[in-house]
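>>> from the sequence below, what's the structure:
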Amino acid sequence: MTVSTNKPPRLLLIGANGQVGWELCRTLAPLGQVVTASVEGGTDHWVDLADAESVSRLIQEAKPDAVINAAAYTAVDKAETETLIAQRINADAPGMLGALLGERGIPIVHYSTDFVFAGDTGQPYREDDAPGPLNVYGATKLEGERRLLDSGANAIVFRTAWIYGARGNNFLLTMRRMFADKDELRIVNDQIGSPTWSRMLAEVTALVLHRVLIGELDIERVKGVYHLTGAGQTSWYDFACSILGASGERCRLLPIPSSEYPAPAKRPAFSVLDNSKTLETFGVRLPDWQHSLRQCLEELR
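Reported below is the predicted structural model:
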């Protein structure tokens, strides 16, 4: 696919109000006209991803040259009881988008999660490793991947993990608030993953999409699933220690096992993703998670 250089491409960004969407609004801007959509409002278009008619109307009105879907139901614990809405947003909506865009030949970038895996191998997961989600959130995201790819759409799916940033609801901002209010915090130390700065995720998305739009990458050849996370791995406890060390706050952190922090949704113990395919295909990799964290904290300061 190559978009005419005489007119800037229209890029439809769904979920523009989320922490990744907020960053995408900025990183996509140099590529063309960013048309935003969300369920919260305050964007160019309002869309209800749980409603097929609303999704179809959005595509007809926005007339995009490419779509970036950064919207998702991400309340992992609530999804255990709010299964219907999680299913509609995380699974049904990507399938609907794929069907609408596939027949129009419009490429789409979509995001998924490390929670599609069971986390019981102790080895970084590759894209073709067998999934085994432990909770409703992971199961619906996995189904969304499959529906999107099975629709025939020219789709790139980035599985990512442990997203944090300067905006939104995330571990970094939660810890910073709690350090100021608490003298002691108990943090899970037996779940291992790769913290990923939303800014870096958005920058790589823009780079890859640009190469697709100018025809440098053949979307028919590169479409599929890719892993994209910060390099390295850590536990929630060590992640919290790194945040605390840069905060200047005084708070005692105690490492605890997951069994001492019961939650409605079970989490994978080891959900580190292997990013080799992304590097081999697109020539990009994210920096070590500690490097990105320092940059994000510097921005917050």
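>>> show me how far the helix or strand harbouring Lys141 is from its chain's centre.
Element membership for Lys141 (DSSP states H and E) is helix 136-150. Distance of helix 136-150 from its chain centroid, counting by Cα atoms, centre = their mean, to the nearest Å, is 13 Å.
>>> next: stretch 248-255.
So, by Cα atoms, centre = their mean, the centroid of stretch 248-255 is 29 Å from its chain's centroid.
>>> average pLDDT for that stretch, rounded please.
Stretch 248-255 carries an average pLDDT of 90.
>>> and that stretch, how far apart are its ends?
Length of stretch 248-255, first residue to last, Cα to Cα, to the nearest Å: 20 Å.
>>> buried stuff in that stretch?
In terms of neighbour count (16 or more other Cβ atoms under 10 Å), stretch 248-255 has its buried residues at Cys251, Leu253, Pro255. For glycine as for every other residue, the C-beta is placed from the backbone atoms N, C-alpha and C.
>>> what's the answer for stretch 115-132, then?
Buried residues in stretch 115-132 (16+ other Cβ under 10 Å): Phe115, Val116, Phe117, Ala118, Gly119, Thr121, Pro124, Tyr125, Glu127, Pro131.
>>> and if you look at stretch 30-43?
Residues of stretch 30-43 classed as buried by neighbour count (16+ other Cβ under 10 Å): Leu31, Gly32, Val34, Val35, Thr36, Ala37, Ser38, Val39, Thr43.
>>> and the spatially closest residue to Ala72 that is not a sequence neighbour, what pLDDT?
Leaving aside its sequence neighbours, Ala72 sits nearest to Asn90 (Cβ to Cβ, 6 or more residues apart in numbering; 5.7 Å). The model reports Asn90 with a pLDDT of 97.
>>> count of neighbours near Asn90?
Residues near Asn90, counting by other Cβ atoms under 10 Å, number 28.
>>> equivalent analysis for Pro262, please.
As a measure of burial, Pro262 has 7 neighbours, counting by other Cβ under 10 Å.
>>> tell me the contacts of Thr113?
Thr113 sits next to Tyr137, Gly138, Lys141, Arg159, Thr160, Ala161 when contact means Cβ atoms under 8 Å, 6 or more residues apart in numbering.
>>> cutoff 10 Å now
Residues in contact with Thr113 (Cβ atoms under 10 Å, 6 or more residues apart in numbering) are 72, 74, 76, 90, 133, 137-138, 140-142, 144-145, 158-163, 271, 273.
>>> then Glu203?
Glu23, Leu24, Arg26, Thr27, Trp197, Val284, Leu286.
>>> neighbour-wise, give me the winner out of those.
Neighbour tally across the contacts of Glu203 (other Cβ under 10 Å): the maximum, 29 neighbours, falls on Leu24.
>>> hang on, that one packs against Thr36?
Yes. Judged on Cβ atoms under 10 Å, Leu24 makes contact with Thr36 at a distance of 9.2 Å.
>>> which helices and strands does the helix or strand bottoming out on mean pLDDT in the chain pack with?
Lowest by mean pLDDT, DSSP states H and E among the helices and strands of the chain is strand 45-46, with a mean of 90. Under the contact definition 3 or more Cβ pairs under 10 Å, 6 or more residues apart in numbering; DSSP states H and E, strand 45-46 sits against strand 10-14, strand 33-38, helix 52-62.
>>> give me the next element, helix or strand, following the longest one.
Secondary structure here is assigned by DSSP H and E; on that basis, the next helix or strand after helix 52-62 toward the C-terminus is strand 66-69.
>>> please compute how far that following strand lies from its chain's middle.
13 Å.
>>> in its sheet, what does that strand sit against?
Using DSSP bridges, the strands paired with strand 66-69 are strand 10-14 (parallel), strand 108-113 (parallel).
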